[in-house]
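I need the structure of the sequence given here:
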Amino acid sequence: MLIGKTFEEGNLCFEVRKSFYNGIPLDEKEFDKHLIEASSLNIAGEESINFALKKKIIKKEDIKKIQNIPYIIIIT
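Numbers count the residues shown, from 1 in each chain. Below is the predicted model of the structure:
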């Protein structure tokens, strides 16, 4: 679990704060509903990134990594 951890690499720092990232767990159907209404997405971790790739929400080439932890921030 990434919640509560901080990852640093060079001058980059990625803090996975519980207050920001620890939302309500969603199944795929619920996720799709929320996705339509989202104005931004912050996705971190292998499982979440792979899910977003599967749903074709993100492109592999846009994924960034800090200490080998994948993440992406999307603002629509």
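
What part of the chain, helix or strand, is modelled with the least confidence?
In the chain, no helix or strand scores lower on mean pLDDT, DSSP states H and E than helix 28-37, which sits at a mean of 82.

contact partners of that one?
26, 41, 51, 55, 57 (Cβ atoms under 8 Å, 6 or more residues apart in numbering). From N, CA and C alone the C-beta is placed, and that goes for glycine too.

List the buried residues in the lengthiest strand in the chain.
Criterion DSSP state E: the longest strand present in the chain is strand 69-75. Of the residues in strand 69-75, 69-72 count as buried by neighbour count, 16 or more other Cβ atoms under 10 Å.

Contact partners for the residue most central in space within the chain?
The centroid of the chain falls nearest to I43 when counting by Cα atoms, centre = their mean (0.7 Å). Residues in contact with I43 (Cβ under 8 Å, 6+ apart) are 49, 52, 58, 71-74.

Next, format those as JSON lines and append pLDDT and distance to I36.
Formatted as JSON lines, the contacts of I43 follow (pLDDT from 0 to 100; distance: Cβ to Cβ, whole Å):
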{"residue": "I49", "pLDDT": "93", "distance to I36": "20"}
{"residue": "A52", "pLDDT": "90", "distance to I36": "15"}
{"residue": "I58", "pLDDT": "92", "distance to I36": "16"}
{"residue": "Y71", "pLDDT": "95", "distance to I36": "22"}
{"residue": "I72", "pLDDT": "94", "distance to I36": "18"}
{"residue": "I73", "pLDDT": "93", "distance to I36": "19"}
{"residue": "I74", "pLDDT": "91", "distance to I36": "14"}
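
between the residues you listed, which is closest to E8?
Nearest to E8 out of the contacts of I43 is Y71 (Cβ to Cβ; 13.2 Å).
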